[in-house]
Structures are given as C-alpha cells and as structure tokens.
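Trainee: Give me a 3D structure for the following:
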Amino acid sequence: MSRVTERNKPDDEDASQLKFPAGFNDEDTLRHMLTISDVKVLLEVTEMTAQAEGKPIPDNPVYNKTKDYVSTFARFPDQEVAHQARSDVPEENFQFYEQVQLVNLCPMEAEEAKALIPSIKMDDEQLQGFLDNLTLTRKNQQV
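Mentor: This next block holds a predicted model:
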C-alpha cells in the first residue's frame with residue numbers, strides 16, 4: 001500500500017496550467033486579482049484616507065516592506081494608467097492570472113511572455129500586438 005506524504009503527493013497546483021489552490025479557484029477571486037500597481041494605488045489611498053480622517057498611517061514591518069516592494073516594482077504609478085494597462089491585455093483574450101502577470105512583468109517580446117507565463121497559448125503575432133500596446137502605455141505615462 002502506498003502512503004501519500006507531502007513528498008509524493010500528486011500536484012494539484014500548477015500556475016502554468018492555471019491550476020490554483022482551492023482558495024483561488026472561485027470566479028470572484030480570479031476576477032479581482034490585483035497587479036502590483038493596483039496594490040500601490042490602494043496603499044496610497046489608504047494613507048490619504050487615514051490622514052484625512054486624522055487616523056495614524058499603519059507603521060509595522062509587513063506594511064512598510066509591502067509599501068517598499070510595490071514602490072519599487074509597480075510599472076504603472078497611478079490608477080488611470082494602471083487601468084489602461086489592464087485594458088491593453090483584455091480579459092476576452094487572456095485568463096485573469098495571465099492578464100495580471102503580463103501587467104506586472106511587462107515583457108517586451110511574445111517569446112519572453114510565453115517563457116514567463118507558460119499558460120499563454122496565443123500565437124506570437126497576436127500576443128506581440130498586445131505587448132506592444134502595453135509597452136506604449138508604459139512609455140507614454142507621465143512619471
């Protein structure tokens with residue numbers, strides 16, 4: 001009799017095949033995945049709201065590290081540009097996970113995008129058109 005352990009347990013999670021843990025499989029969660037830029041905007045709004053209401057801004061290691069991370073890696077600094085970036089890779093053509101990863105990573109070439117996000121099965125020419133739009137949005141933003 002074979003004993004299932006953590007070591008020989010069958011893989012039920014594989015992002016390259018869009019197989020996520022149970023908590024990530026419901027439609028609501030998938031539709032509301034956040035990009036790094038979305039998190040940056042949310043933290044900024046949280047701080048502005050706290051200041052306006054005279055409440056203290058969160059000051060703990062996790063919050064501060066998260067804020068530093070999103071400040072470093074957010075590709076689109078404001079809400080309007082972040083929204084435009086999501087429209088450059090529409091959900092009609094991509095799974096939500098793929099859409100978020102494309103906006104987070106901003107690959108320049110279709111081959112690079114497929115290497116980073118193996119679940120993308122679109123032909124290179126069509127994918128390159130979406131990536132070019134995303135790159136244009138990134139270049140045209142005011143920093």
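Trainee: Just list the residues touching residue 134, thanks.
Mentor: Counting by CB atoms under 8 Å, 6 or more residues apart in numbering, residue 134 makes contact with 85, 88-89, 102-103, 106. For every residue, glycine as well, the C-beta is placed using N, CA and C.
Trainee: So it: helix, strand or coil?
Mentor: helix (DSSP: H, G, I helix; E, B strand; the rest coil).
Trainee: What's the separation between the nearest residue to residue 135 once chain neighbours are set aside and residue 20?
Mentor: The shortest distance from residue 135 to any residue other than its chain neighbours is 6.3 Å, reached at residue 108 (CB to CB, 6 or more residues apart in numbering). The gap separating residue 108 from residue 20 is 27 Å, by CB to CB, to the nearest Å.
Trainee: Which one's more surrounded, the two?
Mentor: Using other CB atoms under 10 Å as the criterion, residue 108 and residue 20 rank with residue 20 on top: 16 against 13.
Trainee: surely residue 43 meets residue 74?
Mentor: No - using CB atoms under 8 Å, residue 43 is not in contact with residue 74; the gap is 9.9 Å.
Trainee: re earlier: would the residue nearest to residue 135 count as being in a strand?
Mentor: No - going by three-state DSSP, the assignment for residue 108 is coil, not a strand.
Trainee: Quick check: pLDDT value at it.
Mentor: With respect to pLDDT, residue 108 scores 95.
Trainee: ok, now how distant is it from residue 15?
Mentor: 21 Å.
Trainee: With residue 58 instead?
Mentor: 30 Å.
Trainee: Residue 138 too?
Mentor: Counting by CB to CB, the gap from residue 138 to residue 15 is 24 Å.
Trainee: Please apply the same query to residue 69.
Mentor: 20 Å.
Trainee: Please give me every residue in contact with residue 58.
Mentor: Residues in contact with residue 58 (CB under 8 Å, 6+ apart) are 46, 50.
Trainee: how about low-confidence regions in the protein?
Mentor: Scanning the chain for pLDDT under 70 picks out 1-11, 142-143.
Trainee: So residue 137 lies in a helix, does it not?
Mentor: Yes - according to three-state DSSP, residue 137 belongs to a helix.
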